[in-house]
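Novice: got a predicted structure here, sequence first:
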Amino acid sequence: MPWKASSVMEERLRFVARLLDGEGMSEVCREFKISRKTGYKIFNRYKDQGLEALCDRSRRPVRYANQLPDPVERLIVRLKKEKPHWGARKIRELLVRRLNGDIRLPAISTVHAVLDRHGLVKRTRARRNRAEGTPLSSGTSPNDLWCADFKGEFKLGNGRYCYPLTVTDHASRFLLLCEGLETTREVPVIDAFLHLFAQRGLPAAIRTDNGLPFASPNGLYNLSRLSVWWLRLGIAIERIKPGHPQQNGRHERMHLTLKTETTRPPGANSLQQQARFDCFVNEFNTERPHQALDMKTPAQLYRPASRPYLGLPDIEYPFHDKDILVTACGRICMHRKKINISTVMAGQRLGIKEVEEGIWLVSFMHYDLGYIDLEQKTLQTIDNPFGPRLSPMS
């Protein structure tokens, strides 16, 4: 049975490491059961091209812990177990020696991130409340769970597009919001939720799909500024699996009725269309009986949330060395160096803690985002602290 590629690469690494430790070519080739010709070919490729020649990967520099080839990560873990009291800086130096100082070796912070993901980093405090991802909640009581989405855009009579933003309460099916927006950008969506929170209070969780503006495929851990704002407000975030709209089935069913009764034909302009939406919301909540509610109306079951909207609470980092503000371009400044974090964190205050000489842990609220070192000037991500449910209150 042929070896998997990762097994082959690991064997090459072990083979080269033995030669770099001073063992003879003949002896090592006999142990690995290959010819001297093959052995010299592997070793010469390593000397000419470096680590990438063994790993069969692109020549792009190694930057992130989750992009390391499996053999490199395993070698880092093995070296740490051989030297359990050594930190990332010394482990990386040992890696350099074993691999003859290859210039494409990972940064110190990347080595530290690898050790952290394998539970080989001692912490002065336990990581608190790390979100590990949970199944979608049942939302059995009003305001346990809200569901939000954009009903597909459509063209109004005047030729302009309308993007209906809708929010429902999962338990009571109460239609909290149906607002026709001119865009799906974050600013008008945040404004709409500001008014909704002021009127109805804050839910325990909000469920959405994985599209903009609720999530960002290019954002840090797929966060968006909207979802970061929700987390700051203490709202847990649930996301359905891509391609599984049935996980938001009640909301999707409402959309079918909304489309049939308010958009065929569409309104002549945005004001007329919003008037139709408002009439639909009133009828849906107060007149239309629902079989799943024992023929009651949503308004008979829904009540405003007990947690009022009072603005953004302050963030404190008592277990960190200091806190630092993320600039509008998504960076933090340390020791006169600008370090990229993510634009979705712009304006947010992060906690910074030196966990090893020159290596800093970066946290947002109680989520550990990753590590930075001042030489790399980039956040080295670790295991995604956010799962299907991103909960700031768990």
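Specialist: Looks like it arrived, so ask away. Residues are numbered from 1 along each chain as shown.
Novice: mind pulling the model confidence for residue 58?
Specialist: Note for residue 58: predicted pLDDT of 40.
Novice: what of residue 93?
Specialist: 77.
Novice: please apply the same query to residue 103.
Specialist: 43.
Novice: break this structure down into its structural domains.
Specialist: Using automatic domain parsing, the domain ranges for the chain come out as 5-117, 146-209+244-301.
Novice: just put those in a markdown table and tack on distance to residue 375 and mean neighbour count.
Specialist: Every C-beta, even on glycine, is put in place using the N, C-alpha and C of the backbone. Output for the domains of the chain, formatted as a markdown table (distance: least, C-beta to C-beta, whole Å; neighbours: other C-beta atoms under 10 Å):
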| stretch | distance to residue 375 | mean neighbour count |
| --- | --- | --- |
| domain 5-117 | 7 | 17 |
| domain 146-209+244-301 | 34 | 17 |
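Novice: and the ones you listed, which one averages the lowest pLDDT?
Specialist: domain 5-117 (a mean of 73).
Novice: any chance of the domains of the chain in CSV, with distance to residue 333 too?
Specialist: Shown next, in CSV, are the domains of the chain (distance: least, C-beta to C-beta, whole Å):
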stretch, distance to residue 333
domain 5-117, 17
domain 146-209+244-301, 25
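Novice: out of those, which gets nearest to residue 356?
Specialist: When the domains of the chain are compared by C-beta to C-beta, domain 5-117 sits nearest residue 356, at 4.8 Å.
Novice: ok, back up a step: closest one to residue 337 among the domains of the chain?
Specialist: Of the domains of the chain, nearest to residue 337 by C-beta to C-beta is domain 5-117, at 13.3 Å.
Novice: and the most centrally placed residue in the chain, how far is that from residue 238?
Specialist: The centre of the chain sits closest to residue 221, judged by C-alpha atoms, centre = their mean, with a distance of 1.9 Å. Computed with C-beta to C-beta, to the nearest Å, the distance linking residue 221 and residue 238 is 15 Å.
Novice: the spatially closest residue to residue 263 that is not a sequence neighbour: what's it in contact with?
Specialist: Spatial nearest neighbour of residue 263, excluding adjacent residues (C-beta to C-beta, 6 or more residues apart in numbering): residue 154 at 5.5 Å. When the contact criterion is C-beta atoms under 8 Å, 6 or more residues apart in numbering, the partners of residue 154 are 161-162, 263, 266.
Novice: which strand residues bridge residue 154?
Specialist: Listed by DSSP bridges, the beta-bridge partners for residue 154 are residue 162.
Novice: please tell me how far it sits from residue 258.
Specialist: Here residue 154 is placed at a distance of 11 Å from residue 258 (C-beta to C-beta).
Novice: could you pull out the helices in the stretch 51-200 of the chain for me?
Specialist: 52-55, 70-82, 88-98, 108-117, 186-200 (DSSP state H, counting those that start in this stretch).
Novice: that's a helix at residue 370, yeah?
Specialist: No: counting by DSSP: H, G, I helix; E, B strand; the rest coil, residue 370 falls outside a helix, being strand.
Novice: report the beta-bridge partners for it.
Specialist: residue 362, residue 381.
Novice: stretch 324-343: end-to-end distance?
Specialist: Distance between the two ends of stretch 324-343: 15 Å, counting by C-alpha to C-alpha, to the nearest Å.
Novice: an error on my part: the question was meant for stretch 258-267.
Specialist: End-to-end for stretch 258-267, by C-alpha to C-alpha: 13 Å.
Novice: repeat for stretch 257-268
Specialist: So stretch 257-268: terminal residues 20 Å apart, C-alpha to C-alpha.
Novice: list the contacts of that stretch.
Specialist: By C-beta under 8 Å, 6+ apart, stretch 257-268 touches 151-152, 154-158, 162, 164, 166, 178, 273-277, 280, 284.
Novice: swap the cut-off to 6 Å and go again
Specialist: 154, 156-157, 273, 276-277, 280 (C-beta atoms under 6 Å, 6 or more residues apart in numbering).
Novice: how far does it sit from the chain's center?
Specialist: Computed by C-alpha atoms, centre = their mean, to the nearest Å, the chain-centroid distance of stretch 257-268 equals 36 Å.
Novice: which ones are touching residue 277?
Specialist: 178, 262.
Novice: helix or strand right after the helix or strand that it is a member of?
Specialist: In the assignment (DSSP states H and E), residue 277 maps to helix 270-286. Note on helix 270-286: by DSSP H and E, the next helix or strand toward the C-terminus is helix 298-301.
Novice: let me see the contact set for residue 297.
Specialist: With C-beta under 6 Å, 6+ apart, residue 297 has these contacts: residue 286.
Novice: before we move on, back to that, quick one: which of the helices of the stretch 51-200 of the chain is nearest residue 27?
Specialist: helix 88-98 (17.7 Å).
Novice: could I get the closest one in PDB with only the CA atoms?
Specialist: Taking C-alpha atoms only, helix 88-98 is exported to PDB below (Å, rounded to 0.1, in the frame of the first residue of the first chain):
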ATOM      1  CA  ALA A  88       9.700  28.400  21.500                       C
ATOM      2  CA  ARG A  89      12.800  30.500  20.900                       C
ATOM      3  CA  LYS A  90      15.200  27.600  21.900                       C
ATOM      4  CA  ILE A  91      13.000  25.000  20.100                       C
ATOM      5  CA  ARG A  92      13.200  27.000  16.900                       C
ATOM      6  CA  GLU A  93      17.000  27.300  17.300                       C
ATOM      7  CA  LEU A  94      17.100  23.500  17.700                       C
ATOM      8  CA  LEU A  95      15.000  23.200  14.500                       C
ATOM      9  CA  VAL A  96      17.500  25.400  12.700                       C
ATOM     10  CA  ARG A  97      20.400  23.200  13.800                       C
ATOM     11  CA  ARG A  98      18.600  20.000  12.800                       C
END
